[in-house]
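[1] next come a sequence and a model predicted from it.
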Amino acid sequence: MTALAGFFSALPPPMRDPVLFAIPFFLLLLTLEWSAARKLEHLEGDRPAAGSHFARDSLASISMGLVSVATTAGWKVLALFGYAAIYAYVAPWHLSPARWYTWVIAILGVDLLYYAYHRIAHRVRLIWATHQAHHSSEYYNFATALRQKWNNSGEILMWIPLPLLGIPPWMVFFAFSVNLIYQFWIHTERIDKLPRPFEFVLNTPSHHRVHHGMDQLYLDKNYGGILIVWDRLFGTFQPEVFRPHYGLTKRVDTFNIWNLQTREYVAIARDWRSASRLRDRLAYVFGPPGWEPRVAAQPGGVAPLATSG
């Protein structure tokens with residue numbers, strides 16, 4: 001641990017992100033999967049065949065991932081100033097990166113906070129607007145793993161407890177990169193369920209396929225990053241019982257990466273303008289995705305309840 005800590009702390013900040021080192025392996029695995037799926041670029045009924053790729057969809061995902069590398073670096077630079085101030089002037093103690101327990105706290109802390117952020121992102125529309133692009137593909141493959149958001153502000157705020165606990169800021173970023181790298185391999189239909197001990201503790205391809213499912217049984221389930229135990233503890237776990245239908249509940253018919261990233265912000269602005277009451281406007285922004293105001297009941301009728309999508 002001491003040698004590893006010394007190695008990364010000696011690097012300039014832009015080079016401390018292990019995601020940069022992992023990119024060639026991402027591309028290699030993606031290429032292998034894509035090559036194996038070349039004969040599967042067809043539909044099974046009304047949806048893509050298991051394990052298939054569609055060139056325009058995959059290229060959109062890869063493009064979003066490449067832009068995300070740059071935008072994430074920018075958000076981390078901004079966060080570094082705040083984290084450094086919290087770590088230096090507010091944290092009651094400083095944990096040494098040479099100690100094994102500091103790494104455990106950092107990695108488990110990031111994973112738990114990722115679970116919390118991820119769950120909020122699915123239940124608060126303004127934050128969902130940053131995350132929905134990742135769910136917009138109807139294909140589930142390694143390219144989908146690269147379909148990342150460009151706005152990391154929510155995660156940056158969610159990590160604040162870690163420098164407050166005395167975790168060095170660079171370790172916070174490192175731990176999140178480890179979390180992100182782990183999540184790459186679970187975006188595939190090529191791997192079936194793993195042995196029970198792994199499925200019980202870890203987030204696996206089977207668990208994460210559920211998370212990407214738009215089926216009613218699968219909606220808002222399995223938020224974990226590395227560990228699935230958070231979902232088991234907090235009541236959001238759902239095992240895979242059938243092959244999911246992937247994508248959003250309202251289909252997205254575009255491969256334009258700018259539109260994929262901004263479409264929900266545009267929809268929020270449109271709904272804000274259409275609402276006549278402040279509470280409805282606030283609910284459109286901070287309520288769950290798919291929220292609609294109650295419709296006044298007609299004589300002899302019952303007003304329908306709002307539903308989330």
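    Nice, thanks for sending it over.
[2] show me where the chain has strands.
    For the chain, the strands defined by DSSP state E cover 43-44, 47-48.
[3] among these, which gets the worst mean confidence?
    Lowest mean pLDDT within these: strand 43-44, a mean of 55.
[4] hmm, Tyr83 is touching Gly166, no?
    No - applying Cβ atoms under 8 Å as the test, Tyr83 and Gly166 come out as separate, 11.5 Å apart. Glycine gets a C-beta too; all of them are placed from N, C-alpha and C.
[5] compare these two and say which is more crowded by neighbours.
    Tyr83 (24 against 17; other Cβ atoms under 10 Å).
[6] from Ala91, how far off is that one?
    Distance of Tyr83 to Ala91, computed by Cβ to Cβ, to the nearest Å: 10 Å.
[7] shared neighbours of those two, which are they?
    The contact sets of Tyr83 and Ala91 overlap at Pro163 (Cβ atoms under 8 Å, 6 or more residues apart in numbering).
[8] wait, Tyr87 touches His94, no?
    Yes - counting by Cβ under 8 Å, His94 is a contact partner of Tyr87 at 7.1 Å.
[9] common neighbours of the two, please.
    166, 168.
[10] neighbour-wise, which of those two wins?
    Legend: neighbour count by other Cβ under 10 Å for Tyr87 and His94, higher for Tyr87 (22 against 14).
[11] residue contacts, the residue nearest to the more buried one when sequence neighbours are not counted?
    Nearest non-adjacent residue to Tyr87, counting by Cβ to Cβ, 6 or more residues apart in numbering: Pro163, 4.2 Å away. Pro163 sits next to 83-84, 86-87, 91, 169, 172 when contact means Cβ under 8 Å, 6+ apart.
[12] distance of the closest residue to Pro244 other than its chain neighbours from Ile268?
    Closest residue to Pro244 in three dimensions, ignoring its sequence neighbours and counting by Cβ to Cβ, 6+ apart: Gly213, at 2.9 Å. To Ile268, Gly213 is 24 Å away according to Cβ to Cβ.
[13] next one: Arg251
    To Ile268, Arg251 is 19 Å away according to Cβ to Cβ.
[14] out of these two, which sits in the busier spot?
    Each of Arg251 and Ile268 has its neighbours counted (other Cβ under 10 Å); Ile268 has more, 18 against 9.
[15] you'd agree the more buried one is up against Tyr284?
    Yes - at 6.2 Å, Ile268 and Tyr284 qualify as touching, with contact defined as Cβ under 8 Å.
[16] what touches both of the two?
    Residues touching both Ile268 and Tyr284 (Cβ under 8 Å, 6+ apart): Arg125.
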